[in-house]
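Trainee: Next come a sequence and a model predicted from it.
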Amino acid sequence: MVRDDLYITVPSLFRCPISLDVMKSPVSLSTGVTYDRSSIQRWLDNGNNTCPATMQILDSKEFVPNRTLQRLIEIWSDSVRNRRVDSLDSPLSRSDLDLVPSLDQVRNLIKDLQSQTDNNRVFESLSKILCFATKSEENRKSLAKMDGFIATLVEFLGNAGDRVCRNNCHFLEQVVRVLESVLSKIEDHENLTSLILKTEGRDGLASLLLVLQQGTKDSKIASARILGTIANDAESKLLIAEKDGLLPELLKLVSPENDTALVEAGLSCLIRISKPKRAKSKLVHLGAIKSLAKLISDSNSTVSVTEKSLKVLETMSSSKEGRSQICDDAACVAAIVQKVLKVSSAATEHAVTILWSVCYLFRDQKAQDAVAKANGLTKILLIMQSNCSPAVRQMSADLLKIFRVNSKSCLSSYDTKTTHIMPF
């Protein structure tokens, strides 16, 4: 006889309207309906331009990750995986996690966290707290202000080799997700940095690295966001950059094959930690230039991914090693030129800064040849005629001086004081 308690009731909200399976990567269309990424991508790739559920014609085929629903699905999945044997004798018609705890209940959960040593109980408490946090912005503010809550989470990270954390990446993922959920509501980021990076006897970076290595997509994003947040001064940036194995894991996130949210989280973190000279040097030697060149060359990259990729490349171009690698890669230079005036004003500014660095400041002939071959001269002329910032205009004027030497016939009559705006 089959026991009734072996059946798992899946909340309808968690099922993809197309496949009817539990969504692995929920994304929302412009109509507000959420689908699993693979299912809706297949629908759109087949030439459809309507929302499958509502049959409305789509204003845009772009979709955005539904982060809140993703977290709720993970909470539900965790509750199913971690349901203990002793609960099988009294099956519940619905998971306790379907009910968002009250503020008072959350206070009691946090108080219990500080003394609890049972892995399952702590994980269950963290799941309920995460459910509370994802419910509203006000809930996240309340959590961030609760005495001892952030310190307790950081203690779990720092004591990765002890107590309930031992050899349990699954547990650390939950800690990271909870901490990331309230990250934007923490007012004292310097104190958070000090707790994670500078507390003697703790190694919070080891836990964040473990999550980057073994965690799910969602927890990797959370880990990268935490790293970016605590990189708020030169010392913290270096501590993160020089943690063995951490930079290679961040570079793995920025592969074109990865989910856009994962790529963006990795790029945002790299922007934050790549400023120190030693960090730049290490990234260059790890092959960051090639990874970034692939991203900006990828026609499927979003505006945000392209802007952030160019921003990191701009940082790399401020070092001798970075400039040298960019100059040696004609395809990379050509890709940078192609993004000028094609993506956004921010992307154009980053691209011009890189070209100015390698062609004007570094005076590399290979880079100059690559720019000329990619029709870069025309792009520079168009920039000078656009409503660009003074800084971009000055860098463009400097670049024109370089190319005037090699192409006087094209530029002899060009007046760099031209200010009219092109009609496109």
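Mentor: Cool, got the structure. Residues are numbered from 1 along each chain as shown.

Trainee: where in the stretch 201-350 of the chain is pLDDT low?
Mentor: 201 (pLDDT under 70).

Trainee: Helices along that one, start to end?
Mentor: Assigned by DSSP state H, counting those that start in this stretch, the stretch 201-350 of the chain shows helices spanning 204-214, 217-230, 234-241, 246-253, 260-273, 277-285, 288-297, 303-316, 320-328, 330-339, 345-355.

Trainee: Give the burial count for Thr68, as a bare number.
Mentor: 12 (other C-beta atoms under 10 Å). No exception for glycine: its C-beta is placed from N, CA and C like everyone else's.

Trainee: Quick one: residues contacting it.
Mentor: Thr68 sits next to Thr134 when contact means C-beta atoms under 8 Å, 6 or more residues apart in numbering.

Trainee: now it, what's its secondary structure?
Mentor: Thr68 falls in the helix class when you classify it by DSSP: H, G, I helix; E, B strand; the rest coil.

Trainee: ok, so what distance separates it from Val154?
Mentor: Distance, Thr68 to Val154, using C-beta to C-beta, to the nearest Å: 24 Å.

Trainee: Val27 now?
Mentor: For Val27, the distance to Val154 - C-beta to C-beta - is 32 Å.

Trainee: what does Thr31 give?
Mentor: 41 Å.

Trainee: got it, and Leu113?
Mentor: 12 Å.

Trainee: quick revisit: ok, Thr31 and Val154, which is more surrounded?
Mentor: Neighbour totals were compared for Thr31 and Val154, and Val154 leads with 22 against 16 (other C-beta under 10 Å).

Trainee: Give the closest residue to the more buried one in space, chain neighbours not counted.
Mentor: In space, Val154 comes closest to Leu195 once its chain neighbours are excluded; the distance is 4.4 Å by C-beta to C-beta, 6 or more residues apart in numbering.

Trainee: Surely that neighbour is in a helix?
Mentor: Yes. Per three-state DSSP, Leu195 lies within a helix segment.

Trainee: quick one: contacts for it?
Mentor: Ile150, Ala151, Val154, Gly158, Gly204.

Trainee: Can you give me the distance of it to Leu157?
Mentor: 9 Å.

Trainee: repeat for Glu249
Mentor: 16 Å.

Trainee: do the same with Asp78
Mentor: 18 Å.

Trainee: One more: Asn49?
Mentor: For Asn49, the distance to Leu157 - C-beta to C-beta - is 46 Å.

Trainee: More neighbours: which of the two?
Mentor: Higher neighbour count among Asn49 and Leu157: Leu157, with 25 against 12, using other C-beta under 10 Å.

Trainee: doesn't Leu172 make contact with the more buried one?
Mentor: Yes. Under the criterion of C-beta atoms under 8 Å, Leu157 makes contact with Leu172 at 7.1 Å.

Trainee: What about Met23? Give its phi and psi, please.
Mentor: When read as degrees, to the nearest 10, the backbone of Met23 gives phi -70, psi 130.
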